[in-house]
Every structure is written in structure tokens, then in C-alpha cells.
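# quick one, structure for this:
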Amino acid sequence: MKKPIALLISIILPAALAVSISVTIFAAYLKTPVITSIANQTEGIKINWDEVYGATGYRVYRRCKGEKWSYLETVTETEYLDRNTENGIYYIYTLRATDGKTRGDYDRNGKSTKRLVNPDSFKAVNKTDGIEVTWSKNPGATGYRVYRRGAGEKLSYLKTVKEPYYFDKTAVSGKTYRYTARAVCGSHISYYSSEGVVTKRLLNPSSIKTANRANGVFVTWGGVKSATAYRVYRRGAGEKWSYLTTVKNKYYLDKTAKKNTVYRYTIRATNGKIYSYFYSDGSVIRFKAPVFKGIINTTYAESYSSLNSNLKKIVALYPDMLKLTSAGTSEAGKDIPMVTMGHGEKNALIVGAIHAREHITTKYILRCIEDYCFAATTASGKIGNYNINKYLDEYTIYIIPCTNPDGLEIVRSRLTPHSSVNVKDLSEYKANYNGVDLNRNFPLAWNKINNGVTRPSEYYFKGYASGDQSETQALMTLCENNSFEFMLSIHIKGNCLYWGDTYNTKYNARYKAFATDIANACGFYMTKPTTNASSYGGGFENWFRHTYNRPGVCVELSDSSNTVKPCNNSNYTDFNGFVNYKYSKYALAAALESKSGD
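Reported below is the predicted structural model:
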């Protein structure tokens, strides 16, 4: 727009023509800039305005309440960041457009805001019920707007609070969050820190339990999602919490605990940088030298139910050494429970009760598990002269106490076998639910088995095809998926070791040396290699040896003169004597020692 200006100009002409001429000249007129926004930023106060036609620049002015306007700077853009501000002060801004020669008018009221700096010094701490977020207090603020952003999400508003504190109860375990806040005072609001603070929600370790061990206090707790380790703390009576160690497992054996002293333990989960909160009460234990009282009662035969129950009890007592899992399912759909013992890189396998009537081998294996674990917690860490701790560091031992759970229930009259099975005497029942002798069902010389049993029976029926039973397939798969250094199959009776056969004698010398180490430790008789295919054909230990070229030994616990009548507890009245437990318990240890260092 042009603004007319009237001027009187005198022009000198000849006298006759002398006149006065009035001329109107149009000069440029610049509009007053209109401020469209004024807001706090991290580094100061930022103002924006609309572009003015004809302007080549903008003069920025500022004043505080009660003061006169002061010139700040001339800029060519339609925005300005005032970095020279103080927190808590109200600032008023106005502008004048300029084209380099003239200046437009200005808004005498201007636009104002209160300078509020970003909240900083953020901290986020996991607590029992959520995440506690704190930041520095802004003296010029009357409140704070809190924001949160989860991984892969947009920043979302949570709540406005009066103090520099917010407790987030909605944080999900294992999820990472970024928190930030904006200071507010009425309609004025600060910018926010894009960094804020980042943390991951880690729950408190739960279910802290303690137990007396011969060599200290054993502490266990529940795992926490996304935690990579756990920090262990202890407090004695009248003492402060003291840090003990950081462990990756969900257990810790405190060997420094003094006898007859009260201790309180607590745990914090961590992922390396972030820590959970902890239960301030922890868990209390009065440590005394314990008297070992076993879980396994050897005066009665195991049932499928008691087997599972006892395994859970042992694993709960020794979670640092044992893990309960499954080897597969039986023909009647029962889970075949299995435990692993130790945490070494090498693997070994021991199985029991592949024959139903030999269920006392299940009890034998359970007793061995318990005794070996207890020995590992003693000061010496030994059972006899064998260093169990050394073996458990070197090996992971896969243990199946009862390979034939259907047969176990059948001989105890808790399950009826398939209708096709010809049953004459339950006390002699060796087969599985389908009447197949599992130790005749493996695919080794199976076609050479000619024992006259051609239909499902109490024993000796090899099946309609090699490896056609679920239990057989479970063991084969287990062996295929794990490189076992050796395998022991526990049986009754004979007080001897079956270590080789004549199917292939290439490695018999190696197998014999291995078995001899076990025989020397336990007093077993060493048999000669089995020559009859009807005896070694389809056998688990035989199949294992010739499939993997590694030792597979059939351990016959009881003296051949003993009878095995599973329908009563006659063999359990003297369990230790029947299985010669005083010496036979060393079978696994001797096997581990024989292979140790290979």
C-alpha cells in the first residue's frame, strides 16, 4: 500500500511563467507485524509472526513489566529465539517491519509469556508397584505435565502434577520407557527435554526363600522378565543392608553365613544398567548346622503320582543343580518325567524302570539324585571319594527315573493294559501299555530276535515293528538331540554289568574298560559279551553303543537270587540291602570319573 504525502515545490521559471506547483508523491507504507506464537524452548523464548509485504527485515523489541521497550535485534526471517532470558520472568515482545529505509508501526501491547526452563536432572527408579520418576524443581512453575513414550510408540501425556515427582503404576514388566516433563504456570508452559530419562520396568524378585545347607544358607527367588542378573543383599540383626554378589541364576549359596545367626536376605533384578526395587523385609533365616533328612522314603514302591511329587520336591530343594523336564509321552499318554543334574558342557544319560516290574530302580535313581545333590552342598562336595561338584561342573546328566510309566501303574493295579495283552501274572509284567517289551523294541538286530513271543504279552514281545513304541521313540529322539558321552540303564537282577555284545566288537575293549571302572567301585560282576541276538537284539544299551560308538551299560542291581514281586513292598523292607545301595550308589559317580577328562 502507498501512503500519499503532499509537498510544495517551487520551480524557477522565467518571470512571465513563474508559478507554484503542488505535487503528490507516494511513499512506501509497512504493516505492523502480527505475532502468531510465543513459546518456551530449551534455549530461550521463541516468537513467530506473519510475513509483512515489502519488508526486508524485522526489528525485535522486548520489555519486562513496568519497563520501556528495548531493541534486541533485526532479523530477516519471521521467527526469533531470545536466548538472553531468565527463568520465572515475564517477557513482552513486539516488532517493527523495515525495508531498510523506513520502519512500520508496532503493537504497543505486544505479546507476553513467562520464561520457564525445561525440567532436568531426571531420574527413574523401579519400585515395588511401578516406576518412580523425579526431576529438578522449577521455582517459577506451579505444576508439571508428565509424558511417557514406550519403545516404538509416540510421546503421550500422562498427568499434570504439582511437585516434581510422578509414580507410574501402569508400566509393564520388561518394557522400556522414556519419561519427560514440562513445567507449567497458568497458561504458560516450558518446552521439554527430548532426552528425559529412560528405564526398563523390572519387577521385584518375588518368593524369596531360604534353606539351611551344610555349608551355608541357600537363597532362591522368582525370576524377573528381562532381567539378566540379580544382586544379592544381606542384613544381620542391627546391621545395614550389605551387597554380597551378583549372580545370573535365581539362587545363591551364602557360604559366609555364621552358625546360629539371624540373617535377612533381599534381591534386586538388573539388566546391567537398570535395577529393580527390592523387598525391604527380605527373608529371614536362622542358620544352624542342619541334619540331613531325605525326601525319598525307601520303604514303599513309587506310584506315578508319588514319582512326580518327589521329583518336584527334590528340584525345589536343589534348583541350582536340578531342572525338571520331560523326555516325551508314553503309549497311554503319560508324561515321562526327566530331570537334568549339573550344568556342564558334556552330557550323560541314566534311565530306570524300562521294565515295569523293576520299579525299584526308580526308587534307586531318586535316592541317588537326592544323595548326590546333598553331597554337592557339603564342605567336601564329595560322595565317597568322588567329587560331585567337579562332575556337575563338567557334565549335564539327563536322568529318567521311570522310562515306562504305564508299566509302573499296571503292576500296581492302577492301570489296565491294552485288551490285546495276554496277562497271566502281574508280578512278572515287564512290558508297556501295549504289551511290548521296550528293551526288545530298539532297531538293532531286531529282525534276529526269535524268542517265540509273537503277540502282546507280559514280557519279551518285541513289537510289530522296531521302534514302534512311544517310549522307544522318546529315548531315540533324546539321544539324537544330545551327544551323550555314555548311558546307564538300571535293571534288576544279577548284580552284574552287561557292557558288550558280538553284534560288532570293534569298540568292545573301550566299553569293557569303562564298565570295569564301575564294577570296581560297586562290586558288580563283569559279564562276557552277549552272543545271542535274541538277548541283545532290540536292547536300548545295545542300540546306543552301536549307534553312537560310546559306552552303554546295563546295570543289574540286585543279586540274582532275589525275587522281584512288585505287587507288595517286600523288596522295600530292606531297600539298601536289596539293591546293595552302600556300593551301588557309586555307579554313576564311577562312570563320570571314568569319562572325566576325556
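# surely residue 313 is in a strand?
No. Remark: residue 313 does not belong to a strand; assigned using DSSP: H, G, I helix; E, B strand; the rest coil, it is helix.
# low-confidence stretches in the protein?
Applying pLDDT under 70 to the predicted model, the residue ranges of the chain that meet it are 1-28, 279-293, 562-569, 597-598.
# what about 50?
Counting by pLDDT under 50, the chain contains low-confidence ranges at 1-27, 286-290.
# any idea how it splits into domains?
The chain resolves into domains spanning 35-114, 123-200, 209-287, 310-595 when parsed by automatic domain parsing.
# wait, which of those is closest to residue 29?
Residue 29 sits nearest to domain 35-114 of all those, at 7.5 Å, using CB to CB. Any C-beta I mention is one placed from the backbone N, CA and C, and that applies to glycine too.
# buried ones in stretch 184-197, by neighbour count?
Neighbour-count burial for stretch 184-197, counted by 16 or more other CB atoms under 10 Å, picks out 184, 185, 188, 189, 190, 191, 192, 193, 196, 197.
# okay if I get those residues as JSON lines plus secondary structure and distance to residue 391?
Conversion of the buried residues of stretch 184-197 to JSON lines gives the following (DSSP: H, G, I helix; E, B strand; the rest coil; distance: CB to CB, whole Å):
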{"residue": "184", "secondary structure": "strand", "distance to residue 391": "66"}
{"residue": "185", "secondary structure": "strand", "distance to residue 391": "70"}
{"residue": "188", "secondary structure": "strand", "distance to residue 391": "71"}
{"residue": "189", "secondary structure": "strand", "distance to residue 391": "67"}
{"residue": "190", "secondary structure": "coil", "distance to residue 391": "64"}
{"residue": "191", "secondary structure": "coil", "distance to residue 391": "63"}
{"residue": "192", "secondary structure": "coil", "distance to residue 391": "59"}
{"residue": "193", "secondary structure": "coil", "distance to residue 391": "56"}
{"residue": "196", "secondary structure": "coil", "distance to residue 391": "51"}
{"residue": "197", "secondary structure": "strand", "distance to residue 391": "48"}
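# and these, which two are furthest apart?
In terms of CB to CB, the buried residues of stretch 184-197 reach their longest pairwise distance at 188 and 197, which sit 23.9 Å apart.
# just put the domains of the chain in JSON lines and tack on distance to residue 295.
Listed next are the domains of the chain as JSON lines, based on distance: least, CB to CB, whole Å:
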{"stretch": "domain 35-114", "distance to residue 295": "64"}
{"stretch": "domain 123-200", "distance to residue 295": "33"}
{"stretch": "domain 209-287", "distance to residue 295": "12"}
{"stretch": "domain 310-595", "distance to residue 295": "5"}
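# could you say which of the ones you listed is packed most deeply?
Each of the domains of the chain was scored by mean neighbour count; the highest is domain 310-595, a mean of 20, by mean count of other CB atoms under 10 Å.
# and it, end to end?
Using CA to CA, to the nearest Å, one end of domain 310-595 lies 29 Å from the other.
# how far off centre is it?
Centre-to-centre, domain 310-595 and its host chain are 33 Å apart (CA atoms, centre = their mean, to the nearest Å).
# contacts only, for residue 41.
Listed by CB atoms under 8 Å, 6 or more residues apart in numbering, the contact set of residue 41 reads 81, 191.
# how close does it sit to residue 126?
Applying CB to CB, to the nearest Å, the value for residue 41 to residue 126 is 32 Å.
# who's in contact with residue 113?
Contacts for residue 113 (CB under 8 Å, 6+ apart) come out as 38, 39, 40, 45, 90, 91, 188.
# how close does the third one sit to residue 194?
Shown here: residue 40 relative to residue 194, a distance of 14 Å by CB to CB.
# what does the first one give?
Taking CB to CB as the criterion, residue 38 is separated from residue 194 by 21 Å.
# now swap in the last one and tell me
According to CB to CB, residue 188 stands 20 Å off from residue 194.
# next, format the contacts of residue 113 as TSV and append distance to residue 375 and secondary structure.
Formatted as TSV, those follow (distance: CB to CB, whole Å; DSSP: H, G, I helix; E, B strand; the rest coil):
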residue	distance to residue 375	secondary structure
38	78	strand
39	72	strand
40	69	strand
45	74	strand
90	78	strand
91	78	strand
188	72	strand
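# and the furthest pair within those?
39 and 90 (14.1 Å).
# returning to what we had before: from the contacts of residue 113, which is closest to residue 510?
The shortest approach to residue 510 among these belongs to residue 40, at 81.3 Å (CB to CB).
# quick check: longest helix of this protein.
Taking DSSP state H as the assignment, the helix of the chain that covers the most residues is helix 360-377.
# what's the first helix or strand after that one?
Note on helix 360-377: by DSSP states H and E, the next helix or strand toward the C-terminus is strand 382-383.
# which secondary structure elements does the next helix or strand after that following strand sit against?
Proceeding N to C from strand 382-383, the next assigned helix or strand is strand 386-387, under DSSP H and E. On a contact count with 3 or more CB pairs under 8 Å, 6 or more residues apart in numbering; DSSP states H and E, strand 386-387 meets helix 587-595.
# tell me the angle the helix it packs on makes with helix 360-377.
In terms of direction (axes from the mean of the first three to the mean of the last three CA atoms, to 10 degrees), helix 587-595 departs from helix 360-377 by 60 degrees.
# other SSEs contacting helix 587-595?
Of the remaining helices and strands, those touching helix 587-595 by 3+ CB pairs under 8 Å, 6+ apart are strand 346-352, helix 360-377, strand 386-387, helix 388-394, strand 395-400, strand 484-491, helix 508-522.
# got TSV for those, with distance to residue 218 too?
Listed next are those as TSV, based on distance: least, CB to CB, whole Å:
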stretch	distance to residue 218
strand 346-352	25
helix 360-377	7
strand 386-387	20
helix 388-394	15
strand 395-400	20
strand 484-491	29
helix 508-522	29
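# of these, which is nearest residue 163?
Distance to residue 163, taken as CB to CB, is lowest for helix 360-377 among the helices and strands packed on helix 587-595, at 50.6 Å.
# would you mind writing the CA trace of that closest one as CSV?
Presented in CSV, the C-alpha positions along helix 360-377 are these (Å, rounded to 0.1, in the frame of the first residue of the first chain):
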residue,chain,number,x,y,z
ILE,A,360,12.6,-100.5,42.5
THR,A,361,15.2,-99.0,40.1
THR,A,362,13.0,-95.8,40.0
LYS,A,363,13.5,-95.6,43.8
TYR,A,364,17.2,-96.2,43.4
ILE,A,365,17.6,-93.4,41.0
LEU,A,366,15.5,-91.0,43.1
ARG,A,367,17.7,-91.8,46.1
CYS,A,368,20.9,-91.3,44.0
ILE,A,369,19.6,-87.9,42.8
GLU,A,370,19.0,-86.7,46.4
ASP,A,371,22.3,-88.1,47.8
TYR,A,372,24.4,-86.7,45.0
CYS,A,373,22.8,-83.2,45.4
PHE,A,374,23.2,-83.2,49.1
ALA,A,375,26.8,-84.3,48.8
ALA,A,376,27.4,-81.3,46.4
THR,A,377,26.3,-78.9,49.2
